[in-house]
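[1] Here is a sequence together with a model predicted from it:
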Amino acid sequence: MKTALPVGLLIILTVAVILVGGIRIITIPPMANTPEGRTLLVRNLHGHSLIVSADRICGKDVTPGCRAGALAGLAAEAQVVLRLPHFPPLDALAGS
């Protein structure tokens, strides 16, 4: 019970730093050129929600070309901080 308060404060501080610092999560579902998918942590990507998916940007027209174009547009705006393996529950949170 004594560790619950410090752990809770650490989680709140981490979320606050992520939101204020402009850190966003981009999910890249598996597709032809990346069969395993990717999750990227990026900074300087303002005007987007905390979790961004290329499929959500494309809307109903989800094609490999649209995904690539959406990711190219995001990459032009942002700087990649960390590359991680694909984590499918983030796709659901991103609304894709």
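    Good, I have the coordinates. Numbering: from 1, shown residues only.

[2] how about Val81, what does it touch?
    Ile23, Leu41, Val42, Arg43 (CB atoms under 8 Å, 6 or more residues apart in numbering). Backbone N, C-alpha and C define where each C-beta goes, glycine included.

[3] Apply 10 Å and report the result again.
    Gly21, Ile23, Arg24, Leu40, Leu41, Val42, Arg43, Asn44 (CB atoms under 10 Å, 6 or more residues apart in numbering).

[4] Any regions of this protein where pLDDT drops low?
    1-5, 19, 96 (pLDDT under 70).

[5] Secondary structure element holding Thr39?
    strand 38-43 (DSSP states H and E).

[6] what helices or strands is the helix or strand just after that strand leaning on?
    The helix or strand immediately downstream of strand 38-43 is strand 51-53, counting by DSSP H and E. On a contact count with 3 or more CB pairs under 10 Å, 6 or more residues apart in numbering; DSSP states H and E, strand 51-53 meets strand 24-28, strand 38-43, helix 64-77, helix 88-94.

[7] 6 Å - rerun?
    Contacts defined by 3 or more CB pairs under 6 Å, 6 or more residues apart in numbering; DSSP states H and E place strand 51-53 against strand 24-28, helix 88-94.

[8] now what about the next helix or strand after it, what contacts it?
    The helix or strand immediately downstream of strand 51-53 is helix 54-58, counting by DSSP H and E. Residues outside helix 54-58 that contact it (CB atoms under 6 Å, 6 or more residues apart in numbering) are Val62, Cys66, Arg67, Ala70, Leu71, Ala94, Gly95, Ser96.

[9] quick check, nearest of these to Leu50?
    Nearest to Leu50 among those is Ala94, at 9.0 Å by CB to CB.

[10] Among the helices and strands packed on strand 51-53, which comes closest to Val52?
    strand 24-28 (5.0 Å).

[11] and among the helices and strands packed on strand 51-53, the most buried is which?
    When the helices and strands packed on strand 51-53 are scored by mean count of other CB atoms under 10 Å, the highest mean neighbour count falls to strand 24-28 (a mean of 24).

[12] and it, how far from the chain's centre?
    2 Å (CA atoms, centre = their mean, to the nearest Å).
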